[in-house]
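>>> Could you work out the structure for the sequence below:
(one chain, ligands or ions: 2)
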Amino acid sequence: MTRLVWIAIGALVAACSGGGGGEKRQGQADVPETLAEWGLFADGAQQLPADDVHPYEVIAPLYSDYTAKYRFIRLPEGGRIDYRADGPWQFPEGTVVVKTFSMPHDQRDPAAGERLLETRLLVRERNHWRPHTYVWNEAQTEAKRAIAGVRLPIEWKHFDGGTRSLTYRVPNTNQCHGCHGEHEASELLGVRTAQLDRDFDFGSGPVNQIDHFAALGLFAQAPPAQRERLVDPFGDAPLEQRARAYLEANCAHCHHENGAAWETGLWLSTATTNPVDLGICRRPFSAGEATGGRPFDIVPGHPEQSVMVFRMASADPEIKMPELPTQIPHDEAIELITDWIAGMSPAGCP
Ligand code: HEC
Ligand code: HEC
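Ligands and ions are numbered 1, 2, ... in the order given. Reported below is the predicted structural model:
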């Protein structure tokens, strides 16, 4: 056969085997097909980590359609974390960071159990993080690797007691970079001092996570006692700080100068100090329907005239913020941002 025919057959085989072709091209032929093969869990169905796997929580989680999350870190043997006061901590090659998504059967009652949906991994290679995702079967006995996005129809009881349903979207692994950064420079988003400086119960009562990791000798250098942290967006800190923490955790990974929303010039990180950059009296970059006919991203004192609230409350995939993969507007966050904007002194925009 001629070379050309071989190429054509190769393309056909790649197309028929779904993600298989892409897998070879990315040099991932040796990636385990099941989550169990990673040896991360003593009991995967219960999300009970293996001995060398450390659970953690973030202060301001990413909202994902009311799912619950479990997070873990596994360092390679003898590996240490390079602590950073600001920005993501640095990890040695071979580190695995894990995030499992589940939907509680009843949001009001943890004892009612949950349905595990997917377990995402970011695996540190020489100079970037490689994403993988494993989708749990309905029997909850096994999670298998998925490359192309998978859809899972799910149902649960919401906080108001009503039944809610959703076709949950497992992102395909190319979509991870939309939030985690470009392929060769992809980065951790939550594993940073500002997000991890909180208490967690590792089995003998709540302790500070960073102090606990330090006591275990996980850091290459001792973290300072003075640390800057986010506030819990739904805790009891002042309103402004809570609103800013929510925007930092849920929007800033795209809304910063190197993020997917760079062209909007709308910067939603806690580091933003210029009110216009934050959206205050800022004419929207996007025109037409996406503004809901509202004049500015934020109109102080007037949430009902602010594009930000309009886009957070929309369920239209072309308009909603954040962009896909979430589908259900986050009612509690819309209330938070509404209250924040309503409380700004209505100076009037030029
Ligand atoms: C909509 C934006 C978004 C997309 C898409 C996304 N992530 Fe994330 N991810 C985040 C944010 C924000 C955090 C940190 C906050 C948290 O843990 O809740 C995070 C945290 C993580 C973590 C824990 C380590 C860390 O970075 O803090 C892992 C592992 C992870 N994501 C894997 C993935 C994989 C794999 C994909 C693709 C299948 C993916 N993510 C897609 C936004 C996203
Ligand atoms: C996955 C990336 C991503 C995330 C996460 C995200 N955005 Fe956006 N956002 C964009 C992009 C891209 C645009 C520009 C295109 C458009 O208008 O749809 C945009 C536009 C906007 C605009 C219009 C800005 C203008 O001047 O026209 C607002 C307001 C906005 N986002 C608010 C938010 C808020 C609030 C959040 C968090 C709750 C958020 N976004 C999360 C990607 C994102």
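>>> got the residue ranges for the strands in the stretch 151-300 of the chain?
163-170, 199-201, 206-208 (DSSP state E, counting those that start in this stretch).
>>> Kindly reformat the ones you listed as a markdown table containing mean neighbour count.
From N, CA and C alone the C-beta is placed, and that goes for glycine too. As requested, these are exported to a markdown table (neighbours: other CB atoms under 10 Å):
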| stretch | mean neighbour count |
| --- | --- |
| strand 163-170 | 15 |
| strand 199-201 | 13 |
| strand 206-208 | 13 |
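>>> wait, which of those is closest to Pro55?
strand 199-201 (7.1 Å; CB to CB).
>>> Neighbouring strands of the closest one in the sheet, and parallel or not?
When pairing is defined by DSSP bridges, strand 199-201 lines up against strand 206-208 (antiparallel).
>>> which residues touch the strand it pairs with?
Residues from elsewhere that reach strand 206-208 (CB atoms under 8 Å, 6 or more residues apart in numbering): 197-201.
>>> give me that answer again for 10 Å
For strand 206-208, contacts defined as CB atoms under 10 Å, 6 or more residues apart in numbering pick out 196-201, 212, 214-215, 227.
>>> Same check on stretch 269-276?
Against stretch 269-276 from outside (CB under 10 Å, 6+ apart): 60, 86, 194, 228, 230-231, 241, 244-245, 247-249, 251-253, 255-257, 259, 265-267, 277-283, 296-298, 300, 344.
>>> Can you list which of those are found in helices?
Here DSSP state H is the test, and the contacts of stretch 269-276 give 194, 241, 244-245, 247-249 as lying in helices.
>>> From these, pick the one nearest ligand 2.
Taking CB to the nearest ligand atom as the measure, ligand 2 lies nearest Leu247 of these, at 6.0 Å.
>>> what's near enough to touch the closest one?
60, 233, 255, 266-270, 272, 278-279, 308, 333, 336-337, 340.
>>> re the thing from before, could you point out which of the strands of the stretch 151-300 of the chain sits nearest ligand 1?
strand 163-170 (7.1 Å).
>>> on that earlier part again, narrow the contacts of stretch 269-276 to those that are buried.
Buried subset of the contacts of stretch 269-276 (neighbour count, 16 or more other CB atoms under 10 Å): 60, 194, 230-231, 241, 244-245, 247-249, 251-253, 255-256, 259, 266-267, 277-282, 296-298, 300, 344.
>>> contacting residues around the residue most central in space within the chain?
With distances taken as CA atoms, centre = their mean, Leu62 lies nearest the centre of the chain, 4.8 Å away. For Leu62, the contact set (CB under 10 Å, 6+ apart) comprises 69, 99, 179, 189-190, 249-251, 253, 322, 326.
>>> Quick check: the nearest residue to Arg164 once chain neighbours are set aside vs Asp199, distance?
Closest residue to Arg164 apart from its sequence neighbours, by CB to CB, 6 or more residues apart in numbering: His158 at 4.6 Å. His158 is 28 Å from Asp199, where distance means CB to CB, to the nearest Å.
>>> try Gly181
Between Gly181 and Asp199 the computed distance is 29 Å (CB to CB).
>>> Any chance you could note which residues of the stretch 201-350 of the chain sit beside ligand 1?
253, 322, 325 (CB under 6 Å from any ligand atom).
>>> re earlier: tell me the phi and psi of the residue nearest to the centre of the chain?
phi -70, psi 130 (degrees, to the nearest 10).
>>> pLDDT wise, what is it at?
Per-residue confidence at Leu62 stands at 97 (pLDDT).
>>> what are the phi and psi angles of the closest residue to Phe72 other than its chain neighbours?
Among residues not flanking Phe72 along the chain, Val98 sits closest, at 4.2 Å (CB to CB, 6+ apart). Phi and psi for Val98, reported as degrees, to the nearest 10, are phi -120, psi 140.
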